[in-house]
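>>> what's the 3D shape of this:
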Amino acid sequence: MSNKLLTSSAAMLASTLILVGCQNTTSLEHLKKAKTTVSVEETSMTGSDKSATEAKITPEMLSRYHWTLVSAADNNNQPVAELERLNTAEQEATLAFTLNTLSPSVGCNQMSVGYEVTNNVLQTKGQMTSTLMGCGDMQPAESKLASLVAGTSQLVLNDGAAPTLTQITDDKVTLIWQGEMTAQAKYGQEGKTLFWAVDHEPQPCPDGTITCLKVKTISYDEQGIKSDEGDWRLFSGRIQGFTHDDSQDQVVRLKRYVIDPSDVKGKQIIYVLDTVIESQSVE
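Okay, here's the model as predicted:
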């Protein structure tokens, strides 16, 4: 008999329905390489970097990317210990922006706070909200990240093929973030939000050549309470950013993008993981 452990609640789901977030798909190995090439000295306010500070940073610019932490150093250019440990645990610190909220994360709780940007100075507004999951060994990193991004900080944006965002906090901690364009910016559309239940056990596809995910559509009311669910079906496509776990049944929030590129015939449907909102361990 399966032993299922429910790790999220309807209350948590209600908050996630309005929280914009996507999981960053930048690999840990890529970030470690990037970390060796980006230093605090490279973000000084002289030379070519000075021109970067002269460009007005807007919420629209920030929200075009998912930001993954590359390095965090204090005023003496020493690594911030709590965040440095994330590399050892193979976890990532991320920062996501909408036009009026920012959401820091180390992969545990979902946090969010209002913000505004004036003359390239970021100022958070109000108290940061958070779900209340226990984070174990990640708790110190989560608490440190939340405290660093709150308050006032100076921003420097180098917006190019591999954009970086430098954030200098009130207490002179320098956070360097690597940017990856969001699916919404990449495909030029907001995308349709879907909720799917994904069974822990994949199934052979009808043609027998590949393995399909077993999925069904879930519907929720305005209070975040499950109101309906469809029939199980086999899905042979790919969900960008999603890694199937055969030890867990999951409910995921997706974005569906329909594009009609000129170099192929017919429309293409692209599914991108927004977030995992419910997981149940299966033994």
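
>>> what residues of the lengthiest strand in the chain count as buried?
Across the chain, the strand with the greatest residue count (assigned by DSSP state E) is strand 268-281. In terms of neighbour count (16 or more other C-beta atoms under 10 Å), strand 268-281 has its buried residues at Ile270, Tyr271, Val272, Leu273, Asp274, Thr275, Val276, Ile277, Glu278, Ser279, Gln280. Heads up, the C-betas are built off the backbone N, CA and C, glycines and all.

>>> as a markdown table, the residues you listed with distance to Phe242 and pLDDT would be great.
Shown next, in a markdown table, are the buried residues of strand 268-281 (distance: C-beta to C-beta, whole Å; pLDDT from 0 to 100):
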| residue | distance to Phe242 | pLDDT |
| --- | --- | --- |
| Ile270 | 12 | 92 |
| Tyr271 | 8 | 94 |
| Val272 | 9 | 91 |
| Leu273 | 4 | 90 |
| Asp274 | 10 | 85 |
| Thr275 | 10 | 84 |
| Val276 | 8 | 85 |
| Ile277 | 13 | 85 |
| Glu278 | 14 | 86 |
| Ser279 | 13 | 85 |
| Gln280 | 16 | 89 |
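
>>> tell me which of these is nearest to Thr209?
Nearest to Thr209 out of the buried residues of strand 268-281 is Tyr271 (C-beta to C-beta; 20.2 Å).

>>> quick check: nearest residue in space to that closest one, chain neighbours excluded?
Ile239 (4.6 Å; C-beta to C-beta, 6 or more residues apart in numbering).

>>> what about the one you found, distance to Val121?
Distance of Ile239 to Val121, computed by C-beta to C-beta, to the nearest Å: 38 Å.

>>> low-scoring pLDDT stretches of the chain, where are they?
Within the chain, the stretches with pLDDT under 70 are 1-54, 87-89, 261-265.

>>> break it down into its domains, please.
24-181, 187-281 (automatic domain parsing).

>>> if we can go back for a sec, OK, contacts around the residue nearest to Tyr271?
Leu213, Val252, Leu254, Tyr271, Val272, Leu273 (C-beta atoms under 8 Å, 6 or more residues apart in numbering).

>>> phi first, then psi, for the first one.
Its backbone dihedrals place Leu213 at phi -80, psi 140, with angles given as degrees, to the nearest 10.

>>> in this structure it contacts Arg233, no?
No. Using C-beta atoms under 8 Å, Leu213 is not in contact with Arg233, being 9.4 Å away.

>>> which one of those two has more residues nearby?
Leu213 (20 against 13; other C-beta atoms under 10 Å).

>>> just the strands from the stretch 1-150 of the chain, written as ranges.
Counting by DSSP state E, counting those that start in this stretch, the stretch 1-150 of the chain has these strands, from start to end: 65-73, 94-97, 101-105, 111-118, 121-130.

>>> compare these and give me the one nearest Thr152.
Closest among the strands of the stretch 1-150 of the chain, using C-beta to C-beta: strand 121-130, at 5.2 Å.

>>> who does that closest one touch, helix- and strand-wise?
strand 111-118, helix 139-149, strand 152-158 (3 or more C-beta pairs under 8 Å, 6 or more residues apart in numbering; DSSP states H and E).

>>> can you check which of those gets nearest to Thr217?
strand 111-118 (26.4 Å).
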